[in-house]
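>>> Build the 3D model from these lines:
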Amino acid sequence: MGPIYLDHNASAPLAPEVLEAMRPHWLASGNPESRHSFGRQPRRAYEQARETIAGILNADPSEVIFTSGGTESNNLALFGLADRAQHGEARHLVTSPIEHPAVSEPIQQLEARGIAVDRVEVGADGRVEVGAMADRLRPTTTLATLILAQNETGVIQDVARLADRAAASGVPVHTDAVQAVGRIPVDFRGLGVATLAASAHKFHGPVGVGVLLVRSGVSLLPRVFGGGQQAGRRAGTPAVALAVGMAEALRLWQGDAERRLARWIVLRDRLESLLVAGLGRDQVVRTGPEGARDRLPQTLHVGFPGLDGDALLMQLDLAGVAASLGSACASGSSQASPALQAMRVPDDRLRSSVRFSLGATTTDDEIDEAARRVIDAIRRIRPPTPSE
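Sure thing, here's the model as predicted:
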């Protein structure tokens, strides 16, 4: 067996059906903003993609803003919501310490501008106490933000409860749902949030396109200027092929969601069981809560106490297993994961935790072979015990 790709949380390979859906739009002429026949056809495809995405995520098509991906969607939401306050007015923001860099770094920028930021504590199981977040809301709070499914650990957060509590104070809630959409059912209306970010390449769609859902009636200042596209909320010529690809990838997910969910849980738990059987429970420590459905169904985050994570990742790469130490967006950093630090993960696991993430094409045989290769790699690099 060749290389085994278990890093779908970083990026999932493009589905062949998505490529075929996009192909005619790469080759077509016409700007969808043009008012002639060459523009009307791509415009219809673009709006159909918007309707498809809105229908699956339980939003209105008018609430869908196409962006270049999850990073832009998160930035548009955070700056667009925070900057609504009048210049000079005291402003405040509530967030968690387990956000993706696409959220935490914009928040640092807002903090540098003088916005007060409260970061609540997170439990050792990776779950944020949303009651504590709600208790931090003030009359000057302009927004609260909480990731829907944590990108490293896969732990699912109770965003709907936070949104419900925040609504009583009139505070909009943003959620980064980049790792959740296309992995678990996501109901924009049901969550009650003001804004929600998603990105196509996480669920076998194309790189370079995402959406920000903005609830009707929510005021959002634009970040990109130079045209009146998308009701003036995000200027730029529509990328029709990318929008079509995202809609097709999400449609494929919806049509196969029940089977994928069940299968992913089986494969994820099988990988953990095989690692434990080969190495021992004390040498394989899963991160996150006990409940199988409290984590993303296709994400397994485990620590191997006492190992050097970089050395392990190198050995896995040589063995043909693609995995990750955490967020791909922070992979160049030598710093320990802020999310794991916030969870107070012990030092012997802090730098030896690995994320394995599955996709729609992951097979039983790949899981079995990956487990064998991981076990062999760990046995090669694990320091000998004093009794050996």
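
>>> So which residues of the stretch 251-388 of the chain form strands?
285-286, 299-303, 321-322, 353-357 (DSSP state E, counting those that start in this stretch).

>>> possible to save those as CSV with distance to Arg223?
(C-beta placed from N, C-alpha, C; glycine too.) Formatted as CSV, the strands of the stretch 251-388 of the chain follow (distance: least, CB to CB, whole Å):
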stretch, distance to Arg223
strand 285-286, 39
strand 299-303, 30
strand 321-322, 34
strand 353-357, 30
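
>>> can you tell which of these is closest to Leu340?
Nearest to Leu340 among the strands of the stretch 251-388 of the chain is strand 353-357 (6.3 Å), distances taken as CB to CB.

>>> That closest one versus strand 299-303: what angle between them?
When axes from the mean of the first three to the mean of the last three CA atoms, to 10 degrees is applied, the directions of strand 353-357 and strand 299-303 differ by 160 degrees.

>>> So what's the gap between strand 353-357 and the chain middle?
Distance of strand 353-357 from its chain centroid, counting by CA atoms, centre = their mean, to the nearest Å, is 15 Å.

>>> now swap in stretch 286-295 and tell me
Stretch 286-295 has its C-alpha centroid displaced from the chain centroid by 17 Å (CA atoms, centre = their mean).

>>> And for stretch 264-277?
Using CA atoms, centre = their mean, the offset of stretch 264-277 from its chain centre is 22 Å.

>>> ok, and for it, which residues are buried?
By 16 or more other CB atoms under 10 Å, the buried positions in stretch 264-277 come out as 264-265, 267-268, 271-272, 274-276.

>>> Now do that stretch: everything it contacts.
Stretch 264-277 has contacts (CB atoms under 8 Å, 6 or more residues apart in numbering) with 183, 284, 286, 292-293, 297-300, 302, 356, 358, 362, 364, 367-368, 370-372, 374-375.

>>> let's go with 10 Å and repeat that
Residues from elsewhere that reach stretch 264-277 (CB atoms under 10 Å, 6 or more residues apart in numbering): 6, 154, 183-184, 281-286, 292-293, 295-300, 302, 304, 354, 356-360, 362-364, 366-368, 370-372, 374-375, 378.

>>> tell me the mean pLDDT for it?
The pLDDT scores in stretch 264-277 average 97.

>>> try stretch 314-325
Stretch 314-325 comes out at a mean pLDDT of 95.

>>> roughly how far out does that stretch sit from the chain middle?
With CA atoms, centre = their mean, you get 22 Å for stretch 314-325.

>>> Would you mind listing the buried residues in it?
By 16+ other CB under 10 Å, the buried positions in stretch 314-325 come out as 315-316, 319, 321-325.

>>> before we move on, the earlier item: need the buried residues of stretch 264-277 in JSON lines (columns: distance to Asn31).
Below are the buried residues of stretch 264-277 laid out as JSON lines (distance: CB to CB, whole Å):
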{"residue": "Trp264", "distance to Asn31": "40"}
{"residue": "Ile265", "distance to Asn31": "45"}
{"residue": "Leu267", "distance to Asn31": "44"}
{"residue": "Arg268", "distance to Asn31": "44"}
{"residue": "Leu271", "distance to Asn31": "47"}
{"residue": "Glu272", "distance to Asn31": "50"}
{"residue": "Leu274", "distance to Asn31": "53"}
{"residue": "Leu275", "distance to Asn31": "52"}
{"residue": "Val276", "distance to Asn31": "56"}
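
>>> quick one: which helix or strand includes the closest residue to Leu137 other than its chain neighbours?
In this structure, Leu137 finds its nearest non-sequential neighbour in Ser169, 4.8 Å apart by CB to CB, 6 or more residues apart in numbering. Element membership for Ser169, per DSSP states H and E: none, as it lies in no helix or strand.

>>> Look at Ser169 and report its pLDDT.
92.
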